[in-house]
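In: The sequence isn't on hand, but the structure is:
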């Protein structure tokens with residue numbers, strides 16, 4: 001009877017509850033990565049810093065590189081593994097256990113903050129990396145499970161998840177700034193900061209269980225199941241999932257998602273954050289230059305781009321590749337800005353030495369990344385049969401992480417470009 005009522009009177013997403021829940025889960029997806037990246041000063045300058053350890057120590061210089069590998073490699077592996085070998089079977093099982101694992105890892109991180117590790121820096125270093133690896137294994141499962149869930153709903157709901165991932169960077173940056181402003185003590189500030197992540201993840205956990213109670217969500221879940229049943233009855237399907245056919249049907253949009261994040265992560269934050277102020281009289285001084293011109297500008301414009309994707313979708317799927325590939329010109333444009341990595345002697349001349357021009361380039365990078373990634377992710381489920389939209393969405397999430405990893409690796413070679421190429 002309940003199903004009959006739903007089908008005769010299709011409900012609407014009142015107050016955009018489902019949309020907002022998926023935005024929240026989008027924030028939760030990138031919370032681990034953003035939290036640890038933004039806490040660089042806590043790890044490098046405080047816990048592994050010269051003052052805390054009463055002398056210089058080896059691990060401070062390599063922490064960020066190891067953090068990147070420990071974060072993205074497990075995320076990448078478990079994103080792909082979760083497509084072909086779903087851990088725990090149902091979405092609910094995978095999402096619930098992955099969130100709980102992340103909560104435990106953040107509790108462990110807070111515990112390490114409270115413990116005096118000045119006498120055991122190597123133990124702190126490896127325990128932290130181990131926790132980060134476990135955290136991102138769970139996050140890899142959580143990531144594409146959420147995209148698989150959103151793919152069963154209308155296209156704009158995948159856009160909501162991407163909007164949340166872009167909002168996550170802005171949120172964590174603000175959380176870090178606020179925690180530092182509340183107290184000058186690095187230890188107390190870190191406790192406030194990482195506790196914030198716990199509240200976000202617990203909110204994701206609670207709101208997930210609210211979804212099955214929502215009439216709009218139940219209606220689309222019912223429609224999704226009916227479509228599966230109808231197609232299986234027509235095709236006498238043996239129950240196996242044609243992964244290769246799903247990927248081939250959606251490969252163009254899968255490539256778009258990969259290449260968008262490859263270009264973005266090739267530049268942000270590695271190159272973007274190493275571009276220095278050109279004009280000493282520029283109204284943003286060197287103290288706040290990187291914070292505003294790099295992190296805030298990128299995160300805010302990416303957020304705006306994701307929101308714009310909910311208002312309109314352009315270009316059409318057939319021509320989506322054009323602006324995606326065109327973005328590759330941003331790589332040489334950023335390299336000819338006032339880019340000066342640490343301990344690198346630049347041979348390539350600085351051509352763009354105007355801070356406003358660099359600011360515009362940063363805004364274009366963030367805006368195009370947020371908008372195009374949202375639109376490409378929304379196009380993916382429509383490329384396949386409705387019953388396979390969830391799997392296609394999970395492929396999209398895996399390609400997103402693959403693009404991030406490849407972009408981060410490619411970005412490591414950028415200092416060599418300006419060091420070896422001259423004209």
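Out: Arrived safely. Treat the numbers as computed from the prediction; the structure is a model and nothing was measured.

In: low-scoring pLDDT stretches of the stretch 101-250 of the chain, where are they?
Out: Within the stretch 101-250 of the chain, the stretches with pLDDT under 70 are 177, 180, 184, 228-239.

In: Swap in 50 and give it another go.
Out: For the stretch 101-250 of the chain, applying pLDDT under 50 flags the ranges 236.

In: repeat for the stretch 301-423 of the chain
Out: In the predicted model of the stretch 301-423 of the chain, no residue satisfies pLDDT under 50.

In: all strands for it, in order.
Out: Remark: no strands are assigned in the stretch 301-423 of the chain by DSSP state E, counting those that start in this stretch.

In: Quick check: residue 153 touching residue 146?
Out: No - under the criterion of Cβ atoms under 8 Å, residue 153 is not in contact with residue 146, lying 11.5 Å apart. All C-beta spots, glycine's among them, are computed from the backbone N, C-alpha and C.

In: For these two, indicate the residue with more neighbours.
Out: residue 146 (28 against 24; other Cβ atoms under 10 Å).

In: quick one: buried residues of whichever strand or helix holds the more buried one?
Out: Residue 146 is part of helix 121-150, with elements assigned from DSSP states H and E. Under the neighbour-count criterion of 16 or more other Cβ atoms under 10 Å, helix 121-150 has 121, 124-125, 127-129, 131-150 buried.

In: and if you look at stretch 278-294?
Out: 278, 289, 290, 293, 294.

In: How far off centre is that stretch?
Out: With Cα atoms, centre = their mean, to the nearest Å as the basis, stretch 278-294 stands 26 Å off its chain's centre.

In: Now residue 414: closest residue in space that isn't a chain neighbour?
Out: residue 271 (5.2 Å; Cβ to Cβ, 6 or more residues apart in numbering).

In: residue contacts, the one you found?
Out: With contacts defined as Cβ atoms under 8 Å, 6 or more residues apart in numbering, the neighbours of residue 271 are 334, 335, 339, 411, 414.

In: where do the contact lists of residue 153 and residue 146 overlap?
Out: Common neighbours of residue 153 and residue 146 (Cβ under 8 Å, 6+ apart) are residue 22.

In: if we can go back for a sec, just the angle between the helix or strand just after the helix holding residue 146 and helix 121-150, please?
Out: Using DSSP H and E, the helix or strand that follows helix 121-150 in sequence is helix 156-182. If you take axes from the mean of the first three to the mean of the last three Cα atoms, to 10 degrees, helix 156-182 sits at 150 degrees to helix 121-150.

In: which element is the residue nearest the centre of the chain on?
Out: In the chain, the centroid-proximal residue (Cα atoms, centre = their mean) is residue 30; its distance is 4.2 Å. Using DSSP H and E, residue 30 sits in helix 17-38.

In: Show me where the stretch 301-423 of the chain has its helices.
Out: 321-326, 330-335, 355-379, 389-411, 414-420 (DSSP state H, counting those that start in this stretch).

In: Same list, the ones you listed, but as JSON lines with distance to residue 227 please.
Out: What follows is these, written out as JSON lines (distance: least, Cβ to Cβ, whole Å):
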{"stretch": "helix 321-326", "distance to residue 227": "29"}
{"stretch": "helix 330-335", "distance to residue 227": "40"}
{"stretch": "helix 355-379", "distance to residue 227": "18"}
{"stretch": "helix 389-411", "distance to residue 227": "9"}
{"stretch": "helix 414-420", "distance to residue 227": "46"}
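
In: a markdown table for these, including distance to residue 221 and mean neighbour count?
Out: Shown next, in a markdown table, are the helices of the stretch 301-423 of the chain (distance: least, Cβ to Cβ, whole Å; neighbours: other Cβ atoms under 10 Å):
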| stretch | distance to residue 221 | mean neighbour count |
| --- | --- | --- |
| helix 321-326 | 32 | 15 |
| helix 330-335 | 40 | 18 |
| helix 355-379 | 19 | 23 |
| helix 389-411 | 11 | 24 |
| helix 414-420 | 45 | 16 |
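
In: Among the ones you listed, single out whichever gets nearest to residue 298.
Out: The closest of the helices of the stretch 301-423 of the chain to residue 298 is helix 355-379. By Cβ to Cβ, the value is 4.1 Å.

In: which secondary structure elements does the closest one contact?
Out: Under the contact definition 3 or more Cβ pairs under 8 Å, 6 or more residues apart in numbering; DSSP states H and E, helix 355-379 sits against helix 156-182, helix 243-267, helix 297-309, helix 321-326, helix 330-335, helix 389-411.

In: Give me the angle between that helix and helix 297-309.
Out: Going by the same axes, to 10 degrees, helix 355-379 makes 40 degrees with helix 297-309.

In: picking up where we left off before, between the helices of the stretch 301-423 of the chain, which one is closest to residue 226.
Out: Closest among the helices of the stretch 301-423 of the chain, using Cβ to Cβ: helix 389-411, at 13.4 Å.

In: which other helices and strands contact that closest one?
Out: Helix 389-411 packs on helix 58-84, helix 121-150, helix 243-267, helix 355-379, going by 3+ Cβ pairs under 8 Å, 6+ apart.

In: chain center to it: distance?
Out: Using Cα atoms, centre = their mean, the offset of helix 389-411 from its chain centre is 10 Å.

In: Kindly report the same for stretch 311-318.
Out: So, by Cα atoms, centre = their mean, the centroid of stretch 311-318 is 22 Å from its chain's centroid.

In: and if you look at stretch 321-334?
Out: On Cα atoms, centre = their mean, the centre of stretch 321-334 falls 20 Å from the chain's centre.

In: contact partners of it?
Out: So stretch 321-334 is contacted by 252, 255-256, 259-260, 263, 266-267, 271-272, 275, 315, 352, 361, 364-365, 368, 372, 376 (Cβ under 8 Å, 6+ apart).

In: if you set the cut-off to 6 Å instead, what comes out?
Out: 256, 259, 260, 263, 266, 267, 271, 361, 365, 368, 372 (Cβ atoms under 6 Å, 6 or more residues apart in numbering).

In: How many residues are close by the first one?
Out: I take that to be residue 256. With other Cβ under 10 Å as criterion, residue 256 counts 26.

In: Can you give me every residue that contacts the closest residue in space to it that isn't next to it in sequence?
Out: In this structure, residue 256 finds its nearest non-sequential neighbour in residue 376, 4.2 Å apart by Cβ to Cβ, 6+ apart. The contact partners of residue 376, by Cβ under 6 Å, 6+ apart, come to 253, 256, 257.
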